[in-house]
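K.L.:
need a 3D model of the following:
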Amino acid sequence: MPFRRSPARRAAAGLIALALGAAGCAPAPRAGSLAPTLVMADVGGSNVAVQNGIPVPTFDRQARRQIDLSGHWRVQRAELDADLSLTDRDASLEGILREADGRNLPDYDDRAWVEIEVPGAMNTPPDGDEIGGWYRRTFFVSSTWAGLATTLKLASVNYVADVWLNGTHLGYHEGGYTPFAFDLGGVLRPGERNQITVRVANPEWGSRNDIVPWGLADWWNYGGITGPVWIEATPPTHVVRADVVPHLDGLDVSVLVRRADVTAAEATQTEAPSSSTISSPAAVSGASSVSSSPSPTPPPEEMVVRVEVLPAEVRPDNLTAPVASALVAPGEEPIVSDELPLPELEPGESATLDTAFLLGGVDAWSPGHPALYVLRVAIDEGDGRGDELWTTFGLRDVAVNRERGQLLLNGEPVMFTGVGLHDERIDPAWTGDGDRAPAGRVTDAADMQAQLAHARDVNADLIRAGHTPANPLLLMLTDRLGFAVWEEIPLYHFTPLTYGIAMDRGIPQQMLREMALRDMNRPSVLFHGLSNESTGTDARRAALETLHDIDRAIDGTRLTGQAAYGSMPDDPTHAPLDVAGFTFYYDVFYGPGATAGTARALAAAHRAHPDKPVLALEFGRWADGEGGPAEQARIFSETYAQLVYRSSGRGGFVGASVWWTLEDFTTMMPGIAVEHFGLFQPNGEPRLAAADATRLFEGDAGAGDVQGIESDADRAEVARDPVAPDLRLVGYLAYGLGVSVAMLAAILAFMLRRGGRAAPSR
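P.N.:
From the prediction side, this is the model:
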């Protein structure tokens, strides 16, 4: 995605600073000591992701007891100490509590604070202040929740969150786009009012190089609680998650069951914890998830877990239903099922149960035919009652023919035509007046559905979800409507220095695991992007290799890639990845022209990577300025005409072409309110290039709600056998200085050639 500046005299100073930053020379190198909270641990012989003392749960919405904490929260913006926020909590919690000055305690008077909506942000456009602050909310919990296992789930908080419940510090999380959860055993008070506090630190992009993304990001930095928040209650023995590995002739299922320790929770009903209680994340998780004390009510000796596969039907009336069970018709019988004996679990223990199903006559998922199935996992406690979990999945296989460098979907060569889409909706009523446009993150399924309708209008069947993990609403709809998805972690314009800092801290690894675990059962997610337009060779390749291996260990059903500069088509860092992705901005940010430059780069990319499909992950141009819409349309038609070596054709190797972008988006870049790269204007009107996309794209995105697609299978059977699921700083600074000089020279040359419109590629 490109950088640009207008007018030119505002460009020079900003681009010089950006060039220095991109090369890793500014800001000063630093690395926080805050550790990732997600670890991989052995649970009964299985490698399980554990975070905050509990296995990482599903974040699919369930038909369980829950308290929805979306809505009004009291908020106080504050300049928070970023160094304190990114320091190990054993060393920093005392300082954070001094900074809190009682804000984390239930009896703190917050009546003078403003109220804002959650999910949302503290700084929606035009408010460009990247600031943190404090969130507080009080809620009542029914006394009927006594003795239940309770989990607090947060879909996303940007960037570092510290969470307290009733004055107890539950823990923290770093990363602005992925979910996390806490066990509330021993802290939640059934039959009383409870109070939750969240401290959100959102360091300014470009102010430090140990956060992800660290800077140079051309989208809006929405700070605060940006995703839904809810508390879920289950019986003590409950289904944590159910992961599906799809095949074209069946599926493998891995079910994780946990028995929570509710002893401590029951004790708090007679003696509530002090409002000033402070404990480390380890202390809280240890008390709630690891215990050798006997349960006062032992579970039945023989418990079984029933796993069922049911057909799903997507219709207009259930398209946006958040729970998977809404896609199953009343009285629908399972296509296939299995019963798995559940071993006796001590409080705090977990167990992984595996099964597999062979299916015949199944419907495979594809954009043109988004056939879904529903998995129901239920614990039978002997009296017909017990916890249950529902999730959707699709049977599909995405792969690479390495002999020909072809992209394959369900065994057939394919080429996707796609669009980039930021997780944002610009107010359609905005007319262009003022310095910035009002906008916000998409929190409503109807808004997301309208965006995907624009994608279908131009025959796109692939969505590149910006430069971050996708909005869960987007994935729910792409599964059901039929769009392939490329989502990625925000390793955006990283350099050897920032790669080293980030990977040493472990934050990209955690972000990737969280994204992969959250979206494990999403058939629309075909690609995991691991980096965007970054520099360096050895450090980048090492990071990409590590991340690829992590992705394979957790998932293995998606293809990995990066978006590298198309001006360097022989980039060797694609070697550890499945596909070779590039951004093609010939005749926009680098020369020569769109026709010759794109054709030459594609041929060179194929020569350098003959065993990989080449994906054009970005091509585009802004539409503002005199003649902007016409120039945008020219770039579309001339660039796309070179993508003739489609993977779906004989001898083809181009697996996707993605226009940047479907709609305009806001940016934190100085001097620009809105990036007008969209095929559609904020008011929904198509630009000239949209007609070219409609004519030239050959997408086959489905319309699940219109087609009423219902999955089916002629025959099925259970497969009974379980299935197994420093010294570099000096060199980096020298490297950075050299890159800075080269970038500055390129910027000046470009400004002279373009008559003042400066735009370094990124």
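K.L.:
list the buried residues of the helix or strand hosting Leu602.
P.N.:
Applying DSSP states H and E as the criterion places Leu602 in helix 594-608. Going by neighbour count (16 or more other CB atoms under 10 Å), the buried part of helix 594-608 is Ala594, Gly597, Thr598, Ala599, Ala601, Leu602, Ala605, His606, Ala608. Yep, even glycine has a C-beta here, placed from its N, CA and C like the rest.
K.L.:
also stretch 669-682?
P.N.:
Residues 669, 671-682 are the ones in stretch 669-682 that count as buried (16+ other CB under 10 Å).
K.L.:
same question, stretch 558-576
P.N.:
Buried residues in stretch 558-576, defined by neighbour count with 16+ other CB under 10 Å: 558-567, 569, 571, 573-574, 576.
K.L.:
chain center to it: distance?
P.N.:
Computed by CA atoms, centre = their mean, to the nearest Å, the chain-centroid distance of stretch 558-576 equals 21 Å.
K.L.:
stretch 456-472 too?
P.N.:
12 Å.
K.L.:
what's the first-to-last distance across stretch 186-195?
P.N.:
Taking CA to CA, to the nearest Å, stretch 186-195 runs 14 Å from one end to the other.
K.L.:
pick out the most distant pair among the buried residues of stretch 558-576.
P.N.:
Arg558 and Ser567 (27.1 Å; CB to CB).
K.L.:
for Gly128, the count of nearby residues, please.
P.N.:
Gly128 has 17 neighbours, counted by other CB atoms under 10 Å.
K.L.:
quick check, it in a helix?
P.N.:
No. Applying DSSP: H, G, I helix; E, B strand; the rest coil, one finds Gly128 to be coil, outside a helix.
K.L.:
nearest spatial neighbour of it, skipping sequence neighbours?
P.N.:
Excluding its sequence neighbours, the residue lying closest to Gly128 (CB to CB, 6 or more residues apart in numbering) is Met668, at 6.3 Å.
K.L.:
and the gap between that neighbour and Gly655?
P.N.:
From Met668 across to Gly655, the span is 32 Å (CB to CB, to the nearest Å).
K.L.:
so between the two, which is more surrounded?
P.N.:
It is Gly655, of Met668 and Gly655, that has more neighbours when counted by other CB under 10 Å, with 31 against 19.
K.L.:
where does this protein dip in pLDDT?
P.N.:
Low-confidence segments of the chain (pLDDT under 70): 1-29, 264-301, 383-384, 431-436, 715-716, 719-762.
K.L.:
who's Ala616 bridged to?
P.N.:
With DSSP bridges applied, Ala616 shows beta-bridge pairing to Phe582, Ser657.
K.L.:
so it makes contact with Trp660?
P.N.:
No. Taking contacts as CB atoms under 8 Å, Ala616 lies outside contact range of Trp660: 10.1 Å.
K.L.:
list residues touching both of these two?
P.N.:
Thr583 (CB atoms under 8 Å, 6 or more residues apart in numbering).
K.L.:
and the gap between the most centrally placed residue in the chain and Phe584?
P.N.:
Against the mean C-alpha coordinate of the chain, by CA atoms, centre = their mean, the closest residue is Pro469 at 1.9 Å. Counting by CB to CB, the gap from Pro469 to Phe584 is 24 Å.
K.L.:
got it, and Leu474?
P.N.:
Per CB to CB, Leu474 is found 24 Å from Phe584.
K.L.:
what does Gln406 give?
P.N.:
From Gln406 to Phe584 the distance is 20 Å (CB to CB).
K.L.:
over to Gly206?
P.N.:
From Gly206 to Phe584 the distance is 27 Å (CB to CB).
K.L.:
what do you get for Phe636?
P.N.:
Separation of Phe636 from Phe584 (CB to CB): 12 Å.
K.L.:
spit out the residues that contact the two alike.
P.N.:
The contact lists of Phe636 and Phe584 share Phe619, where a contact means CB under 8 Å, 6+ apart.
K.L.:
select from the buried residues of stretch 669-682 every entry located in strands.
P.N.:
Per DSSP state E, strands hold the following members of those: Val674, Glu675.
K.L.:
number of residues surrounding Gly227?
P.N.:
For Gly227, using other CB under 10 Å, the count is 24.
K.L.:
for it, give me phi and psi.
P.N.:
Dihedral angles of Gly227 (phi, psi; degrees, to the nearest 10) stand at phi -120, psi 170.
K.L.:
and it, what does it touch?
P.N.:
Residues near Gly227 by CB under 8 Å, 6+ apart: Pro119, Leu154, Ala155, Ser156, Val157, Pro179, Pro472.
K.L.:
cutoff 7 Å now
P.N.:
Gly227 sits next to Pro119, Leu154, Ala155, Ser156 when contact means CB atoms under 7 Å, 6 or more residues apart in numbering.
K.L.:
so how far is Thr557 from the nearest residue to it once chain neighbours are set aside?
P.N.:
Counting by CB to CB, 6+ apart, Gly227 lies nearest to Ala155, which is 2.8 Å off, once chain neighbours are set aside. Separation of Ala155 from Thr557 (CB to CB) stands at 23 Å.
K.L.:
follow-up on the earlier one: quick check, nearest of the buried residues of stretch 558-576 to Ser711?
P.N.:
Arg558 (21.0 Å).
K.L.:
tell me how many other residues crowd the residue nearest to that closest one when sequence neighbours are not counted.
P.N.:
Nearest in space to Arg558, with sequence neighbours left out and distances taken as CB to CB, 6+ apart, is His528 at 4.9 Å. Residues near His528, counting by other CB under 10 Å, number 27.
K.L.:
also Glu685?
P.N.:
With other CB under 10 Å as criterion, Glu685 counts 9.
K.L.:
need the three-state assignment for Arg456.
P.N.:
helix.
K.L.:
not counting its neighbours along the chain, what's nearest it?
P.N.:
Per CB to CB, 6+ apart, closest to Arg456 is Ala701, 5.1 Å.
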